[in-house]
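Participant: Model the following, please.
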Amino acid sequence: MADALATTGSSLPPAFDPAPTVTIVLSTYNERDPLIKPAAPDLSLLATSKAEYVAIAGFRASAVWQAGFVLLCVVTGGVLWIMTTWWPQIYTYLARVRVRSLGVADIVLVRDSHGLMHECAVVHSEGGMVRTFEWKHQRYLYIQQSGSFERVPAMLLDSLESVTRSLQTGLASSVVADRTAFYGPNTMELKTPSLIRLLVEKVVHPFYLFQLISVALWLEEAYTTYALAILAMSISSIAYEVHSQVTNASQMQALVACAIQVQVKRDGGVQSVPASALVLGDFVLVQEQVVAADMVIVVGECMADESSLTGEAIPVSKQPSHDDPTKSVLECHKSSVLCAGSTVVRVKGDSVWAVVTRVGFSTTKGDLLRQILYPDDVPFQMVTDSYRYLLALSIVAGLTSLQRIYDAIQAHSTLGDLVISVFDLISTTIPAALPMILTVGVGFSLTRLQQARLCCIDAQKINVAGHINCFCFDKTGTLTSDHLDFEGVDMCDGSPLTTKPTSRDVEYALASCHGLSVDDQGVVAGYSLERDMFAATEYTLSATTNEVQSPNGGHVSLRYDRRYPFDAALQRSSVVVQASNEPHFRRIYVKGSPEAIADICTGIPSDFYARVHRYASEGLYCVALAMKKMDGYEPATSRATVESDVTFLGFLLFLNPIKAASRGVIETLERANIDVRIITGDNALTAMHVARELNMHLTTSMLYLDVSPSDGSIMYQLYPVRVDPTDDQLISLAQTSTTWLALGDLDTLLDLDFDLTITGAALDVVIASSLPPLLVSRLVQKAKIFARTKPHTKTWIVGRLMDAGLFVGMTGDGTNDCGALKAAHVGLALSDAEASIVAPFTSRGKAIEDVVALLREGRCALTTSLLSFKFMVMYPIIETAMVAYLNHMQASFSNNQYLFGDMFVVLGMSVLMLQTPPAANLTKARPPTSLFSPTIVWSVASQSVVFALYFSATLAVAQRQPWFCALPDVAAGRAHCYPYRPNESGDMTTHAFEVSIVWLLGHWHYVVLAIAFNLNDPFREPAWHNRAFVLYTAAVGAILLGLVLWPGNAMAVAWLDLTTPLPLSFCFEMAASCALALVTAVGVEMAVRITFAQS
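Facilitator: Coordinates of the predicted model:
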């Protein structure tokens, strides 16, 4: 794939074609694939979806235009080539020829959703009949009928029925060859750019390029020490970034590598082939190893470890699909699907066969990897603002350069001296060290996070964490523990809750209605809920025979005829078993959500729903249990028939205890005015109970929105969350207060002063409706608890909260949280599984307290970045004022004076001030969200005024002194206070009263700003906790005061070239001025903070 470097975006010309809305999926078992070979593919074999690019335009290669581009690069001295690394479309427009039809294009230029351009090469095969290109690891095929390129994910649409018919022979070699040629190998190769290319890309980045130009200029002027220091830091930064990029690419490549052999059935026989040779429709003999592609099991059963994809450490059982055989293999239940990247840990029986349904980047793991490689980046305002500040500084540089040109002409300076002095001004106005300072500040935060066992894969997100004002929590495994404690069975017959069932039907149900398995060592594997439930019966599970055995040497065993896994749509699972003492009929046991079981029961107790509400409000996880006996059971009996007309047995009750630290975390966040939401797949009433136990700030009662099971409309009830859950009022309200709500009344309902709990089903109705976006936004913002949500709904919720202007954080521990973790401004995964790579932050200790630690560090890092940015903006303002003033007088600083100021004063303090650690507590105050926020703008503006007054006033006082001789008078011979000593060029000097005064005033003000900007704030520890910064700043201040009060000393003369000492009487006046500047700057900074903190 010829993806160009993603850089600054730009809009496409009107002639660009919009993206098509279809993609293509292969579906054929013919000896030759008709979709691939003919010029006009059979569109009846295509499935529809959306293209990933926004617009596309066609070009063809031209040797003449290519030569013209090379010539332009030479003429411009390489500037044009550098520009093409920033804007790749320039190369396409200048070196290619635009074509009217995409069908004859050799190259296409596509625009992504961020406005960035990418050039991709079109591959022509089969004599030009098949034209494809690759972008974002997806292949696009040109369709003659539509005249556009359409995405071709490597997926199989064949039905289960057709797959089964082909099992005996497998694919023909000709079909394998066609599909390999069209889709490529079954690999997820990541093309890492060469080391040389990476280095070049870094070097030509605008910031580094400016640094290199500045270094070259300084070396020319013999300003060697500082130039080499900046050069060393730039090289170190580039080397670190390149090393990190290469290391990350290597780790990603290792993550997706799959160098194994697999057994496949082809041409009627079994062959051993590399995993990379698999194609769609291949039949694979499943072995105990890594799964090389997405597959659907057609014969046999196995156990698979999917922790690398889901974070769930429990192996899951996989078996052939029992769905409608006419359905596509892509629609099979997940209990039949083996995902690429998972590991088969056990194969049951003689052999297990599966058909390949997705390969390469179209697999589940490939989709996950593509999400990581091509994230939907959330723009960070500070980056945009920093460019605006630099633009403003560039304007200042331009104005001062014009003044310098005018002064140089008046002084008859040489052209060489003029050019160098102008470039000096430009390099002074735009601080070359700014990117390094900002990077170092984030680096200190990153180090502290790593020490706290918080891993980060996107350092920019640390600053974003400082903005967070809304945090969303998954419930199970995040706020509560990741296991359920079995509390007992309620048989609804008046008997007390018991963990030892007395009913034989209940005992058999607990012993058999599960998806557990056991290894050769007798270790039971499966979900903790089912393990606890099974353990209560003291039955044993056989590793060799498909049955469970009664305890204490009993002679009753339950043999499995069929297991129907939990189905999210049906909200239940079931088993068909035969007791060894009951040979003439089968027992059917079903367990699931109370609502799902109630729908298939012949009758339920009158207080069924009241009990469900009561248990849910007490925070208990409630599972309903039912059974029936069935004569004449046949394996072909449908699931719907098996799970019908059952008899209710009782409720299984489990407790999901709240983590000890959860309450403190929620209280800390809400005390800091951070909006807390719960987004869970669990029951709404259970979630409300958890919220109550966590002392979340909620209204006394909540509006609870759900969907009516009868007509699918939204209903609501006013649910009390602050009453005793044993109070009969709760049950009465749950039974009587449900009121049906039409969508048209939603606006009125949202005006009520109640918090909101809403289910995923109700949200689905809202999403599918034609409600105004503003009303939907109000609904999401008002909801504090989202229950029964699916993974894609969690992602949608986070997106809508972000659209409402909130800075959203998300934390969770499972695969169903991955989309939301990635979509949020900041995602924190409480997991050490490979799936955690989708989140920018991962808690290795899986501790919910890390939410607070991350936000504290984020606020500290953001505040540090803001103050260092202010300091690095004031630094060129001050230095430009000093240099411009001296240049106007035909004077300049010496190299030693520049070196001491740039390296030992500014660079030293600016680096050390970054080390201040975060404050111990989160407060209601928040850092500014923009570099143009009033606090920042007024701080910079007011400090600039303070410096201007202090600078001009002190100079004015000096110029009125009888001993003072102005440099122009000395140079013209009109005054003789000191000898005039011009530099080598003859038109500038470093020996003047103005040089001594300006240098001391300006460099003292650097110390003043370092102190003023590092006043205590709510987001960092007091400055004295940063001992290195305090000691260093005190030392620099003492040296500068010593130079003021001890003029003409050896250090001032020999090291700093202050060869025109000032009278001692004026030195004391200047020291007083310095003290006054410090007090004024600190007072002004405090006033700005207090003023805008109150506003």
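
Participant: rest of the way, CA atoms for contacts and neighbours
Facilitator: OK.

Participant: per-domain residue ranges of the protein.
Facilitator: 1-153, 198-256, 261-373, 433-451+855-1094, 464-480+659-844, 485-506+547-576+584-655 (automatic domain parsing).

Participant: Same list (these) but as TSV, adding mean neighbour count and mean pLDDT.
Facilitator: Below are those laid out as TSV (neighbours: other C-alpha atoms under 10 Å; pLDDT from 0 to 100):
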stretch	mean neighbour count	mean pLDDT
domain 1-153	17	71
domain 198-256	16	79
domain 261-373	21	83
domain 433-451+855-1094	19	87
domain 464-480+659-844	20	81
domain 485-506+547-576+584-655	18	86
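
Participant: Pick out the residue nearest the middle of the chain.
Facilitator: Lys822 (4.2 Å; C-alpha atoms, centre = their mean).

Participant: The strand or helix carrying Ile238 packs against which elements?
Facilitator: According to DSSP states H and E, Ile238 maps onto helix 224-256. With contacts defined as 3 or more C-alpha pairs under 8 Å, 6 or more residues apart in numbering; DSSP states H and E, the packing partners of helix 224-256 are helix 195-203, helix 206-220, helix 434-451.

Participant: Report the angle between it and helix 434-451.
Facilitator: Going by axes from the mean of the first three to the mean of the last three C-alpha atoms, to 10 degrees, helix 224-256 is angled at 50 degrees with respect to helix 434-451.

Participant: now helix 224-256 against helix 206-220, angle please.
Facilitator: Using the same axes, to 10 degrees: helix 224-256 against helix 206-220 is 150 degrees.

Participant: tell me how far the helix or strand following helix 224-256 is from the chain's mean position?
Facilitator: Counting by DSSP H and E, the element after helix 224-256 in chain order, helix or strand, is strand 261-266. Relative to the centre of its chain, strand 261-266 is centred 38 Å away, using C-alpha atoms, centre = their mean, to the nearest Å.

Participant: who does strand 261-266 touch, helix- and strand-wise?
Facilitator: Against strand 261-266 (3+ C-alpha pairs under 8 Å, 6+ apart) you get strand 269-274, strand 283-285.

Participant: still on that earlier bit, any chance of TSV for the domains of the chain, columns distance to Thr180?
Facilitator: Listed next are the domains of the chain as TSV, based on distance: least, C-alpha to C-alpha, whole Å:
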stretch	distance to Thr180
domain 1-153	11
domain 198-256	19
domain 261-373	6
domain 433-451+855-1094	44
domain 464-480+659-844	29
domain 485-506+547-576+584-655	35
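
Participant: right, and these - which one's nearest Leu425?
Facilitator: Nearest to Leu425 among these is domain 433-451+855-1094; the distance by C-alpha to C-alpha comes to 6.7 Å.

Participant: Could you tell me the end-to-end distance of stretch 925-936?
Facilitator: 15 Å (C-alpha to C-alpha, to the nearest Å).

Participant: can you list contacts of that stretch?
Facilitator: Residues from elsewhere that reach stretch 925-936 (C-alpha atoms under 8 Å, 6 or more residues apart in numbering): 381-382, 385-386, 466-467, 672, 859, 862-863, 866, 870, 937, 1018-1019, 1088-1089, 1092-1093.

Participant: Which ones among these map onto strands?
Facilitator: Among these, no member falls in strands (DSSP state E).

Participant: From the contact counts, what lies against the longest helix seen in the chain?
Facilitator: Across the chain, the helix with the greatest residue count (assigned by DSSP state H) is helix 850-888. With contacts taken as 3+ C-alpha pairs under 8 Å, 6+ apart, helix 850-888 sits against helix 381-410, helix 415-429, helix 434-451, helix 460-464, helix 662-671, helix 908-912, helix 934-959, helix 993-1013.

Participant: which residues does Leu655 form a beta bridge with?
Facilitator: Beta bridges link Leu655 to Asp485, Leu620, judged by DSSP bridges.

Participant: Tell me the spacing between it and Ser481.
Facilitator: To Ser481, Leu655 is 10 Å away according to C-alpha to C-alpha.

Participant: same thing with Arg111?
Facilitator: Looking at Arg111 against Ser481, where the rule is C-alpha to C-alpha, the gap reads 45 Å.

Participant: now the helices and strands packed on helix 224-256 in CSV, with distance to Tyr875?
Facilitator: CSV is the format used below for those (distance: least, C-alpha to C-alpha, whole Å):
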stretch, distance to Tyr875
helix 195-203, 25
helix 206-220, 16
helix 434-451, 10
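
Participant: Of those helices, give the one that comes closest to Glu667.
Facilitator: Distance to Glu667, taken as C-alpha to C-alpha, is lowest for helix 434-451 among the helices and strands packed on helix 224-256, at 22.3 Å.

Participant: what packs against that closest one?
Facilitator: Using 3+ C-alpha pairs under 8 Å, 6+ apart, helix 434-451 sits against helix 224-256, strand 454-456, helix 460-464, helix 850-888, helix 908-912.

Participant: hmm, 10 Å instead?
Facilitator: helix 206-220, helix 224-256, strand 454-456, helix 460-464, strand 841-843, helix 850-888, helix 908-912 (3 or more C-alpha pairs under 10 Å, 6 or more residues apart in numbering; DSSP states H and E).

Participant: distance between that helix and the chain's centre?
Facilitator: 18 Å.

Participant: Help me confirm that the residue nearest to the centre of the chain comes into contact with Val808.
Facilitator: No. Contact criterion C-alpha atoms under 10 Å: Lys822 and Val808 do not qualify, at 11.1 Å.

Participant: any shared contact partners between these two?
Facilitator: Taking C-alpha atoms under 10 Å, 6 or more residues apart in numbering as the criterion, Lys822 and Val808 both touch Val798.

Participant: In contact with Thr759, which residues?
Facilitator: Per C-alpha under 10 Å, 6+ apart, neighbours of Thr759: 679-684, 704-707, 785-790.

Participant: Setting aside sequence neighbours, what's the nearest residue to Ile468?
Facilitator: Phe807 (4.7 Å; C-alpha to C-alpha, 6 or more residues apart in numbering).

Participant: same thing with Glu693?
Facilitator: What sits nearest to Glu693 in space, not counting adjacent residues and going by C-alpha to C-alpha, 6+ apart, is Arg663, at 7.7 Å.
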